[in-house]
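[1] Here is a sequence with its predicted model. Questions after.
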Amino acid sequence: MPTKKYVWKDTDNAAREAICYLVADSHLGYTGVERAAHGEIGYNRVRDLCLGLKAPARLSEFLLICEVCKADPVKVLKRVLDLAAHKEVSYSVDAIMDDVYGEAADRAAKKAEREMSVQPPQASAPDVDPVAAREQEKLEQTRRFLREGVGIAALHDPHKFDHEGDQDA
């Protein structure tokens, strides 16, 4: 276990934010980055870099993550230097993860808007969102199960007695 305590500088924190953004924007996740890098950088190291734990990113790790995430390392490095020079970088892990999840939520919302604009309008119920209706139905089903008492989850599965998978080949 390493005993050296690293002091992170503004450039290190800016690089961490850039790496965190690259991983989130690529939709690979920590495991995906590890697999795409063929094990050259591990899951835990990618996680540590994104969360600002242990040592700052080495140049080789930075370049490898840029390559895996299909980002131009020169542009990313310029962004890192701009962040370090002009902005106070957040040091809180919670703030980092809020940024990551916030950006992911924004991207998901924009994607849902694009999908809804591409789909033809449905004539049956234009005011009802089908995703929200399914979620509401699941919520009501869960509340009903809780009112009836907690039991074995398999007993409440609507497909329990569908014997489609039990047929002989």
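    Here it is on my side, so go on. Numbers count the residues shown, from 1 in each chain.
[2] correct me, but Asp48 touches Lys54?
    Yes - Asp48 is within contact range of Lys54, at 4.7 Å (criterion: CB atoms under 8 Å). Backbone N, C-alpha and C define where each C-beta goes, glycine included.
[3] higher neighbour count, these two?
    Shown here are Asp48 and Lys54; by other CB atoms under 10 Å, Asp48 has more neighbours (17 against 14).
[4] Where does the more buried one sit: helix, strand or coil?
    Secondary structure assignment for Asp48 (DSSP: H, G, I helix; E, B strand; the rest coil): helix.
[5] Next one, pLDDT for it please.
    You'll see Asp48 listed with a pLDDT of 89.
[6] give the contact list for it.
    Lys54, Ala55 (CB atoms under 8 Å, 6 or more residues apart in numbering).
[7] Least confident secondary structure element in the protein?
    Across the helices and strands of the chain, mean confidence by mean pLDDT, DSSP states H and E is lowest for helix 93-118: a mean of 63.
[8] Toward the C-terminus from that helix, list the very next helix or strand.
    helix 130-148 (DSSP states H and E).
[9] pLDDT weak spots in this protein?
    Within the chain, the stretches with pLDDT under 70 are 1-4, 87-105, 117-128, 145-146, 149-169.
[10] if we go to 50?
    Scanning the chain for pLDDT under 50 picks out 1, 89-93, 96, 169.
[11] buried set for the helix or strand that Arg45 is a member of?
    In this assignment (DSSP H and E), Arg45 forms part of helix 43-51. By 16 or more other CB atoms under 10 Å, the buried positions in helix 43-51 come out as Arg45, Val46, Arg47, Asp48, Leu49, Cys50.
[12] With stretch 33-42 instead?
    Under the neighbour-count criterion of 16+ other CB under 10 Å, stretch 33-42 has Val33, Glu34, Ala36, Ala37, Ile41 buried.
[13] thinking again about what came up before, could you dump the next helix or strand after the helix holding Arg45 to CSV, C-alpha only?
    Counting by DSSP H and E, the next helix or strand C-terminal to helix 43-51 is helix 59-68. Extracted C-alpha coordinates of helix 59-68, given in CSV (Å, rounded to 0.1, in the frame of the first residue of the first chain):
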residue,chain,number,x,y,z
LEU,A,59,1.0,11.6,-19.0
SER,A,60,0.8,8.0,-20.3
GLU,A,61,-2.5,7.5,-18.6
PHE,A,62,-3.9,10.8,-19.8
LEU,A,63,-2.9,10.0,-23.4
LEU,A,64,-4.3,6.5,-23.2
ILE,A,65,-7.7,7.7,-21.9
CYS,A,66,-7.8,10.3,-24.6
GLU,A,67,-7.1,7.6,-27.2
VAL,A,68,-9.7,5.2,-25.7
